[in-house]
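> Fold the following.
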Amino acid sequence: MEEALLPLAMTSDPRPFNQQLPEPPDLRCVLQPQDSPDLAPALVCALCCCFGIIYCCFGYRCFKAVMFLSGLLSGALVIFLLCHKERVLETQLSLEVSAGIALGIGLLCGLVTMLVRSVGLFLTGLLLGLTLGAGVLLGTEPIYQPPSAWVPAGGLVGLALLGALFTLRWPRPFTVLGTALLGAAVLVACADYFLEGLALGSRLGQRLQALPALPPLCWYSWVLLGTWPTLGALGALAQWKLMDEEHGGHANAVVLSHQRRHLQLLRIRHQEAKWHRTSPGAGLCEGSYRRQLPASTRNPADSLAPSYFQSLRERQLGPGSQATTPHTVLDLDSDCSSTVPLTAPSGSTHPDLSLNLH
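Predicted structure coming up:
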């Protein structure tokens, strides 16, 4: 009976004794959202979500606002990290002082990027290159391990400079692409914070440090990483659609303005044609129109001849009549406002005669 008993072998894996038991799940990859996140980071993430939606869908439409936000956030983040992590004037600054200094310099950077278009485009290209580099660095984790930290750092700097140059050369398409991808990345980072506590951000830092033997990412991390280019493409399409509608509305406004100008020209020409087709009786009033013309364009026949004045005197006084009145005014037309005095020569017994042309 004792010989039938076999010794028991202790192994670390209990599955060979019972093959029907399922493999225990990896507790690290169980999706468990944070129960009670901190209030301040949650508010910051909610605000970043709003900024991400504006960047992703209205980046080119709200160009000035996007440039201001880019300069503000980039400058404030860089200055805050420098002030909070490094010693300034041999003293360690508190969190509140670092935040105040970062906010002031960030506002200055935002104004510069908003007012100077080339600086705003350069910063947009830098952010585009950094976003693409971060996505490539996370996506190539299963197939490539950098030998040193200089390789990912150099790749990020090279992509950032390349994106800045391309954005300065072709502003419209690369601004649309850069704002769409950056907004999508901000939305993915906010979702990553609420779902897994910035696991993708931590992994990006580890990849930049070229740490070896990193544990693989969970399936929902890969899902979040895959939604980034999808959201970026959707945001770029939405921006192109808005730009086409704006361009169509501007073209319609230009066509309407041309039509209005054409109608105004037609009305002016119609009024001029009516003025030229007036009755012959109105020809005596052409003196008022003639006075508006320069002297070089007047016709010599416009001035009245002395013989015409003499014939008017003879018709008024008659051949044998004598002057009994000191002065006589002949009113030809009350509509003509011109008075020409007609005075008799010295030694003549004829009275003064004035021609009133209104």
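> Grab the nearest non-local neighbour of Tyr193.
Counting by Cβ to Cβ, 6 or more residues apart in numbering, Cys45 is the residue found nearest to Tyr193 once chain neighbours are left out, at 5.3 Å. Every residue, glycine included, has its C-beta placed from N, CA and C.
> and that neighbour, what does it touch?
Cys190, Tyr193, Phe194 (Cβ atoms under 8 Å, 6 or more residues apart in numbering).
> if we go to 10 Å?
Residues in contact with Cys45 (Cβ atoms under 10 Å, 6 or more residues apart in numbering) are Pro37, Gly52, Val186, Ala189, Cys190, Ala191, Asp192, Tyr193, Phe194, Leu198.
> Mind telling me what element the closest residue to the second one other than its chain neighbours is part of?
Read it as Gly52. Nearest residue to Gly52 in three dimensions, chain neighbours excluded: Val186, at 3.5 Å (Cβ to Cβ, 6+ apart). If you go by DSSP states H and E, Val186 is part of helix 171-196.
> Distance of Leu200 relative to Leu138?
Distance from Leu200 to Leu138, counting by Cβ to Cβ, to the nearest Å: 7 Å.
> And Ser78, how close does it get to Leu138?
Wrong residue type there; residue 78 is Val, not Ser. Counting by Cβ to Cβ - Val78 and Leu138 are separated by 22 Å.
> thinking again about what came up before, give the buried residues for the helix holding Val186.
171, 174-196 (16 or more other Cβ atoms under 10 Å).
> What average pLDDT does that helix get?
Average pLDDT, helix 171-196: 91.
> counting contacts, what elements does it pack onto?
Other elements packing on helix 171-196 under the criterion 3 or more Cβ pairs under 10 Å, 6 or more residues apart in numbering; DSSP states H and E are helix 39-58, helix 63-85, helix 117-139, helix 150-169, helix 199-208, helix 219-276.
> now the first one: mean pLDDT?
It refers to helix 39-58. 88.
> what's the answer for the second one, then?
For helix 63-85, the mean pLDDT works out to 88.
> between that helix and helix 39-58, how many degrees?
Here helix 63-85 points in a direction 150 degrees away from that of helix 39-58 (axes from the mean of the first three to the mean of the last three Cα atoms, to 10 degrees).
> what's the angle from helix 63-85 to helix 117-139?
Using the same axes, to 10 degrees: helix 63-85 against helix 117-139 is 60 degrees.
> any idea which helix or strand comes after helix 63-85?
Under the assignment DSSP H and E, the closest C-terminal helix or strand after helix 63-85 is helix 95-115.
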